[in-house]
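**Student:** Prediction below, plus the sequence it came from.
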Amino acid sequence: MVTLSTLVLAPHAQAQNALPQEIRLDYAYYSPPSLVLKRFGWLEEALKADKVNVRWVLSQGSNRALEFLNSGSIDFGSTAGLAAVLSRANGNPIKGVYIYSRPEWTALVVPKDSPIRSVRDLRGKKIAATKGTDPYLFLLRSLHDAGLRKTDIEHVSLQHADGRAALEQGRVDAWAGLDPLMAASELESGARLLYRNVNYNTYGLLNVNEAFAAKYPQAVERVLAAYERARVWILAHPDETARIVSEEAKLPLAVIKVQLLRNDFSQPVPGQQHIQALTAAAPILTEESLVKPGTDVAQVVRTLIEPRYARAVVR
């Protein structure tokens, strides 16, 4: 019987050219498994006998991870599910091969003393959000539910950390936040979550460049086996996980504990439920003209989600 430890640790039985000379992955503060994996060096350990180098690149948001994937700077990138759908619809050749978490990592945030009490009150306000990310798409969906459109607010395009700073400095009225920065703003500045909707938070998706997966399918399985080792470890060691994320993100432990409470690590294999959730979320991409007219977004979702690699390693 093949075990998880066998998949992660055993030298690959096939020829050396079945693996690349280097595997390039991102790590992100919104992806705890990537931080655990990077900290312990389990992937490097698993690939040492095959003389495969591992290189880690920091992604500060889904938009950065997707840019890196599209430019060929990395082979694996951590994003939100709907952001990956948008990127694939616009020509980024990626496959979503693993669910690194089911998060509630975004909400609409206002300062503690803000008079804003509802999404409707955001009409005419300045709102910071990072384009091409789950928080930005969360903002658009929330506005639509309140009978507003993007043109009804003043969107200020800032990377996540800069959006937090702008909110706390009073340069914007609201921010589409992202954990752990959102949790830090709550605890450290008293920021208030104006609107939450866990169903509008799309899954944390690990994506791989499609050409890389086609050329090195066994390498994809090796990476996912390492991710799976990290996921199982996280479930067994929540306090140690919090400490690692705290040290990597350079944020207080209390902040990270809030972040981790808003993450579910129990369902790593992408499948039909994720296709259904992303298909249900996808109309916002068409309504806001974020994809070309006539794009079959439901087909894009089906093309994006690829479960076979995770099925091979998740027990």
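**Tutor:** Happy to help now that I have it.

**Student:** does Arg24 have beta-bridge partners, and which?
**Tutor:** Arg55 (DSSP bridges).

**Student:** any idea how far it is from Tyr216?
**Tutor:** Plainly put, Arg24 is 12 Å away from Tyr216 if you go by CB to CB, to the nearest Å. In this view, the C-beta of every residue, glycine as well, is placed from N, C-alpha and C.

**Student:** Give me the buried positions along the host helix or strand of Lys257.
**Tutor:** In this structure, Lys257 sits in helix 253-261 according to DSSP states H and E. By 16 or more other CB atoms under 10 Å, the buried positions in helix 253-261 come out as Val255, Ile256, Lys257, Val258, Gln259, Leu260.

**Student:** so where is the stretch 51-200 of the chain shaky, pLDDT-wise?
**Tutor:** In the predicted model, the stretch 51-200 of the chain carries no residue with pLDDT under 70.

**Student:** How many residues are close by Arg171?
**Tutor:** 14 (other CB atoms under 10 Å).

**Student:** so it, which of the three states?
**Tutor:** What DSSP: H, G, I helix; E, B strand; the rest coil gives for Arg171 is coil.

**Student:** For the stretch 201-315 of the chain, just list every one of the helices.
**Tutor:** 210-215, 217-236, 238-249, 253-261, 272-281, 283-287, 297-304, 308-313 (DSSP state H, counting those that start in this stretch).

**Student:** Mean pLDDT added to these, as TSV?
**Tutor:** TSV is the format used below for these (pLDDT from 0 to 100):
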stretch	mean pLDDT
helix 210-215	97
helix 217-236	98
helix 238-249	97
helix 253-261	97
helix 272-281	94
helix 283-287	91
helix 297-304	97
helix 308-313	97
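
**Student:** most neighbours per residue, which of these?
**Tutor:** For these, average neighbour numbers computed from mean count of other CB atoms under 10 Å are highest in helix 217-236, which has a mean of 22.

**Student:** between that helix and helix 238-249, how big is the angle?
**Tutor:** Orientation note: helix 217-236 sits at an angle of 120 degrees relative to helix 238-249 (axes from the mean of the first three to the mean of the last three CA atoms, to 10 degrees).

**Student:** on contacts alone, who are the packing partners of helix 217-236?
**Tutor:** Helix 217-236 makes packing contacts with helix 4-9, strand 22-27, helix 32-40, helix 42-47, strand 94-103, strand 204-209, helix 210-215, helix 308-313 when contacts are defined by 3 or more CB pairs under 8 Å, 6 or more residues apart in numbering; DSSP states H and E.

**Student:** rerun at 6 Å
**Tutor:** If contacts are counted by 3 or more CB pairs under 6 Å, 6 or more residues apart in numbering; DSSP states H and E, helix 217-236 sits against helix 4-9, helix 32-40, helix 42-47, helix 308-313.

**Student:** For Ala280, which of these is the nearest?
**Tutor:** When these are compared by CB to CB, helix 308-313 sits nearest Ala280, at 21.7 Å.

**Student:** list the helices and strands that closest one packs on?
**Tutor:** Using 3+ CB pairs under 6 Å, 6+ apart as the contact definition, the elements that helix 308-313 packs against are helix 217-236.

**Student:** returning to what we had before: let me have the helices of the stretch 201-315 of the chain in CSV, extended by distance to Asn90.
**Tutor:** Below are the helices of the stretch 201-315 of the chain laid out as CSV (distance: least, CB to CB, whole Å):
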stretch, distance to Asn90
helix 210-215, 14
helix 217-236, 23
helix 238-249, 29
helix 253-261, 29
helix 272-281, 15
helix 283-287, 9
helix 297-304, 9
helix 308-313, 24
